[in-house]
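J.: Build me a model from this:
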Amino acid sequence: MIDTTTLFEIEDAHTSGAYPKRPTALLRGEGVYAYDEQGNRYLDATSGQGVTALGHCHPAITQAVTEQAQTLITCPEAFYNDRRAELYELLVSITPADLNRFFFCNSGAEAIEGALKVAKLLTQREGIVATKRAFHGRTTGALSMTWTPKYRKPFQSWLPHVTHIAYGDIEAAREVITEDTAAIVVEAVQGEGGVYPADPEYLQALREICDTTGTLLIIDEIQAGIGRTGKWFAFEHAGIVPDIFTMGKAIAGGLPMGAVCWREAHGQIPRSTHGSTFGGNPLVCATSIATLTTIRDENLVQQAAENGRWFLEQLEALNLQSVREVRGRGLMIGLELRGRVTPILKALQEDHSILALPAGLTTLRFLPPLIITRDELQTIVDAVAQVLD
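T.: Prediction:
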């Protein structure tokens, strides 16, 4: 095994430079815990950016990967495949209404790119509306809808035009969504933008505007979906059905996968208008089946709702002067601080062995695995109380 110093040196010598790195090497994981190069244990409240919904190395995941890797790893959609067919049926069983057309890809950003293409193909329109504070990914189409200037500015001349409006401002939406608009893309809970849940009335009003103008409502469920907010999909809190929604992150329990889902009423897209070499391969489909089945059978969606509500209440009850607001839904929680979040992340990791995430410069974000217990959540609450006191 490479020693730690050499490991750091090799990565620093060859990394792209795109990622800010913490001086920690995570080498293994089990459940809600990850272990560094010295064997130190960390409570991983990041889920690897919201990916490991079942925690690290869940037996259902490792078994699915092992068995499928010994059977068939790749099979493009030029051919039929049993794992893909099984996953289609499983997804149809958890998606509401007639949301039963899917395109499988390899990441959330790819899912957003696919959703944009599907919207334009289905409507034959050009206009796209997105919201401020939105984060939809870093590929060109996704980046055009991502509001934060630091992500957009270096590539501004390459990006297609997108109209941005304030998140939650329904009057602004009425002004810009017209019969020339192909789609509006919105997160049911803004993640990177600071963990802002949408008001149900806002999403309901967007649904009405889209129905009136023939615009497609695209909901980004990449971070908030797959049970994280206490519903299979966060838009369900508003009692609406989007025309298209995107999935990623937790859909395959840790393996790279994304998906675009749209309503049967809109039909299929024309052949050869989109594609993916690795999308829907048997390995990730088998892993996704294991992930979704375990979440369903172990009632983890309801557990996320109940434990998330308890977690939110405990954090609010701390009544810390250094916290402006605690917000979120289910196990997607943000604490907006009165100062910068970076020192808090460092203190949680170094002094309390807890891994957390930022959401902007001043918001502390928790995305723990759905399997986390209240005792483990209490550990986080106690650490937050000490670090932010």
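J.: what's the domain layout of the chain?
T.: According to automatic domain parsing, the chain comprises the domains 4-57+299-388, 61-297.
J.: Tell me where the stretch 51-200 of the chain has helices.
T.: Here the stretch 51-200 of the chain has its helices, by DSSP state H, counting those that start in this stretch, at 59-69, 82-94, 108-123, 140-145, 149-152, 170-176, 200-213.
J.: got any ranges where the stretch 101-250 of the chain has weak pLDDT?
T.: 156-159 (pLDDT under 70).
J.: go again using 50 as the cut-off
T.: Scanning the stretch 101-250 of the chain for pLDDT under 50 picks out no residues.
J.: Any chance of the domains of the chain in TSV with mean neighbour count as columns?
T.: (Glycine included, C-beta is placed from N, CA and C.) Listed next are the domains of the chain as TSV, based on neighbours: other C-beta atoms under 10 Å:
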stretch	mean neighbour count
domain 4-57+299-388	18
domain 61-297	20
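J.: rewinding a little: reformat the helices of the stretch 51-200 of the chain into TSV and put distance to Arg338 next to each item.
T.: Shown next, in TSV, are the helices of the stretch 51-200 of the chain (distance: least, C-beta to C-beta, whole Å):
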stretch	distance to Arg338
helix 59-69	39
helix 82-94	40
helix 108-123	31
helix 140-145	30
helix 149-152	22
helix 170-176	28
helix 200-213	27
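J.: out of those helices, nearest to Pro23?
T.: For these, proximity to Pro23 was assessed by C-beta to C-beta; helix 149-152 is nearest, at 23.2 Å.
J.: And the contacts of the closest one?
T.: The contact list for helix 149-152, computed with C-beta atoms under 8 Å, 6 or more residues apart in numbering, reads 135, 138, 143-144, 146, 159.
J.: For Glu264, give its distance to Asp243.
T.: Computed as C-beta to C-beta, to the nearest Å, the Glu264 to Asp243 distance reads 11 Å.
J.: again, but for Gln314
T.: 38 Å.
J.: same deal with Phe135?
T.: 21 Å.
J.: Thr215 and Glu208 touch, don't they?
T.: No: the criterion here is C-beta atoms under 8 Å, and Thr215 misses it with Glu208 at 10.9 Å.
J.: Quickly list what the residue lying closest to Val176 once chain neighbours are set aside is bridged to.
T.: Closest residue in space to Val176, ignoring its immediate chain neighbours: Thr163 at 5.1 Å, by C-beta to C-beta, 6 or more residues apart in numbering. For Thr163, the beta-bridge partners are Val129 (DSSP bridges).
J.: how close does Thr163 sit to Thr215?
T.: Taken as C-beta to C-beta, the span from Thr163 to Thr215 is 12 Å.
J.: Equivalent analysis for Gly308, please.
T.: Gly308 is 32 Å from Thr215, where distance means C-beta to C-beta.
J.: cool, and Asn40?
T.: Plainly put, Asn40 is 51 Å away from Thr215 if you go by C-beta to C-beta.
J.: Following the chain past the lengthiest helix in the chain, name the next helix or strand.
T.: In the chain, assigned by DSSP state H, the helix with the most residues is helix 300-317. Scanning forward in sequence from helix 300-317 by DSSP states H and E, the next helix or strand is strand 323-329.
J.: same for that next one, what does it pack against?
T.: The contact analysis (3 or more C-beta pairs under 8 Å, 6 or more residues apart in numbering; DSSP states H and E) places strand 323-329 against strand 196-197, helix 300-317, strand 332-337.
J.: mind putting these in JSON lines, distance to Thr131 included?
T.: Converted to JSON lines, those look like this (distance: least, C-beta to C-beta, whole Å):
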{"stretch": "strand 196-197", "distance to Thr131": "10"}
{"stretch": "helix 300-317", "distance to Thr131": "23"}
{"stretch": "strand 332-337", "distance to Thr131": "17"}
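J.: Out of those, which is closest to Pro23?
T.: Minimum separation from Pro23 across the helices and strands packed on strand 323-329 (C-beta to C-beta) falls at strand 332-337, 22.7 Å.
J.: For that closest one, name the packing helices and strands.
T.: Packed against strand 332-337, as judged by 3+ C-beta pairs under 8 Å, 6+ apart, are the following elements: helix 300-317, strand 323-329, strand 363-366, helix 374-388.
J.: That one - what's its average pLDDT?
T.: Averaged over strand 332-337, pLDDT sits at 98.
J.: how far does the helix or strand where Leu27 lies sit from the chain's center?
T.: Here Leu27, judged by DSSP H and E, is contained in strand 26-30. Counting by C-alpha atoms, centre = their mean, to the nearest Å, strand 26-30 is centred 21 Å from the centre of its parent chain.
J.: same check, this time on stretch 340-357
T.: Centre-to-centre, stretch 340-357 and its host chain are 21 Å apart (C-alpha atoms, centre = their mean).
J.: Contacts made by that stretch with the rest, please.
T.: Defining contact as C-beta under 8 Å, 6+ apart, one finds that stretch 340-357 is touched by 22, 24, 34, 40-46, 49, 337, 358-367, 379-380, 383-384, 386-388.
J.: So which other helices or strands are in contact with the strand holding Leu27?
T.: By 3+ C-beta pairs under 8 Å, 6+ apart, strand 26-30 packs against strand 33-36.
J.: Name the nearest residue to Phe155, sequence neighbours excluded.
T.: Per C-beta to C-beta, 6+ apart, closest to Phe155 is Leu143, 6.2 Å.
J.: Confirm for me that that neighbour is in contact with Ala130.
T.: No: taking C-beta under 8 Å as the definition, Leu143 is not a contact partner of Ala130, at 10.7 Å.
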